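> Attaching a predicted model along with its sequence, questions to come.
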Amino acid sequence: MADIRIEKIAKDFGATKVLHEVELEVRDGEFVALLGPSGCGKTTLLRIVAGLETRSSGRVVIGGRDISDLAPKDRGLAMVFQNYAVFPHMTVADNIAFGLRMQKRDEARVKRQVEKAAGLLHIEAYLDRYPAKLSGGQRQRVAVARALAVEPAVLLMDEPLSNLDALLRLEMRTELKAVLQAAGTTTIYVTHDQTEAMGLADRIALMHSGRVEQYDTPTRLYERPATTFVGGFVGNPPMNFVAMSVSGGEARHGAFAAPAPTTKDTVLAGIRAEDVEIVEPGTGLAYEVVVVEPLGSHLLLAGKVGGQLFRAVARPESGVRAGTIIGLRPRVERIAWMDQETGRHLA
Ligand code: ATP
């Protein structure tokens, strides 16, 4: 079993608190992404799990064993980083074998494991080559194969695909997911790219200023953001927020009304771009269309509701034009209602 428990991990750099008693549990074989904006503490948290950074307090438990004070090499994990540090003076095979030889495995086993890892990453044909004669994507595969060759119970990855071009990233993303699922490796994966996190992870820990803002499946994060920060970070385009006034059990903005989820005077309605229907002007929300982007499968509209930016998706045949005012009716059952003061979801 290689479940990971991060228990109240805090980190101060001098007077600056970069992690606030973070709690996180990763199940055996689960793929968890640490997602969040630059500087939110993702890398620091991952490095603490790896043993490459000291913690100020808290502990890390893997498979029931407190590993907080062990050296990195004794933690039973492997790592892949953004600058995929493959050794230039070693062939691909020797690169992949590196960790196994460090563990002093017999050469027959090393050979077997190297071939298996190379097979998983489709680089068997390059085993005798030197990294200088590989593309960026192939080099990245070598780094991943090297990490997988030791059959780690836990794999830690920090932006491992960010040096690759968009197409290769997509390809590697799909492969990584398949490979790690097949291997049953417990994985923590740091990224600031929400598409990557959504595509890869079983669960995402969305971090914000040294705290985990929400820890949930990609779908839950998208559909039921715990805070306005989550709604605004996850999803492309981000969630729209419309302030509505509440009276007589009804939340209202212009001609659009819905049953009020609160007794406070105001509430924020979190509305996804695709959760609206175009209706006659004068009904629904009054929507001032500013820009129409024809994206083939749909039109992406940027415009304003009550002076605030609002993005909506419309069908290509809807014929929406920039510079017009149309009606938008949000699907009430899809609205994420947020407390306007706290920015938290109203359960
Ligand atoms: P990014 O995506 O930009 O890498 P991140 O979420 O991984 O961001 P961290 O690298 O964990 O963020 O950094 C968290 C905070 O800790 C940042 O504000 C950073 O400036 C600070 N920090 C990191 N390392 C140190 C250090 N050695 N000394 C002082 N502050 C540090």
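Okay, I see it.
> Contact partners for the residue of the stretch 51-200 of the chain found nearest the ligand?
Taking CB to the nearest ligand atom, the ligand has its nearest neighbour within the stretch 51-200 of the chain at His192, 4.7 Å off. Glycine gets a C-beta too; all of them are placed from N, C-alpha and C. Shown in contact with His192 (CB atoms under 8 Å, 6 or more residues apart in numbering): Leu35, Gly36, Pro37, Ser38, Lys42, Glu159.
> I'd like to know which of the residues you listed are buried.
Among those, those classed as buried by 16 or more other CB atoms under 10 Å are Leu35, Gly36, Lys42, Glu159.
> three-state assignment of Lys111?
Three-state assignment for Lys111 (DSSP: H, G, I helix; E, B strand; the rest coil): helix.
> follow-up on the earlier one: now, the most widely separated pair of the contacts of His192?
Using CB to CB, these reach their maximum pairwise distance at Pro37 and Glu159, which is 13.4 Å.
> ok, back up a step: tabulate the contacts of His192 in a markdown table, adding columns for secondary structure.
Formatted as a markdown table, those follow (three-state DSSP):
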| residue | secondary structure |
| --- | --- |
| Leu35 | strand |
| Gly36 | coil |
| Pro37 | coil |
| Ser38 | coil |
| Lys42 | helix |
| Glu159 | coil |
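> Need the residues you listed in a markdown table (columns: pLDDT and distance to the ligand).
Output for these, formatted as a markdown table (pLDDT from 0 to 100; distance: CB to the nearest ligand atom, whole Å):
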| residue | pLDDT | distance to the ligand |
| --- | --- | --- |
| Leu35 | 97 | 9 |
| Gly36 | 95 | 6 |
| Pro37 | 93 | 7 |
| Ser38 | 92 | 3 |
| Lys42 | 96 | 4 |
| Glu159 | 90 | 7 |
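> Just the closest of these to Pro88, please.
Nearest to Pro88 among the contacts of His192, with distances taken as CB to CB, is Glu159, at 21.1 Å.
> How about that closest one, nearest residue that isn't a chain neighbour?
Distance criterion CB to CB, 6 or more residues apart in numbering; nearest residue to Glu159, sequence neighbours excluded, is Gln82 at 4.2 Å.
> Then Gly235?
Tyr222 (5.6 Å).
> Could I get the buried residue list for whichever strand or helix holds the one you found?
Under the criterion of DSSP states H and E, Tyr222 resides in helix 218-223. Neighbour-count burial for helix 218-223 flags Pro218, Leu221, Tyr222, Glu223 (criterion: 16+ other CB under 10 Å).
> Kindly indicate which of the residues you listed lies nearest the ligand.
Leu221 (17.3 Å).
> tell me the contacts of that closest one?
By CB under 8 Å, 6+ apart, the neighbours of Leu221 are Met198, Ile204, Leu206, Gln214, Val230, Val234.
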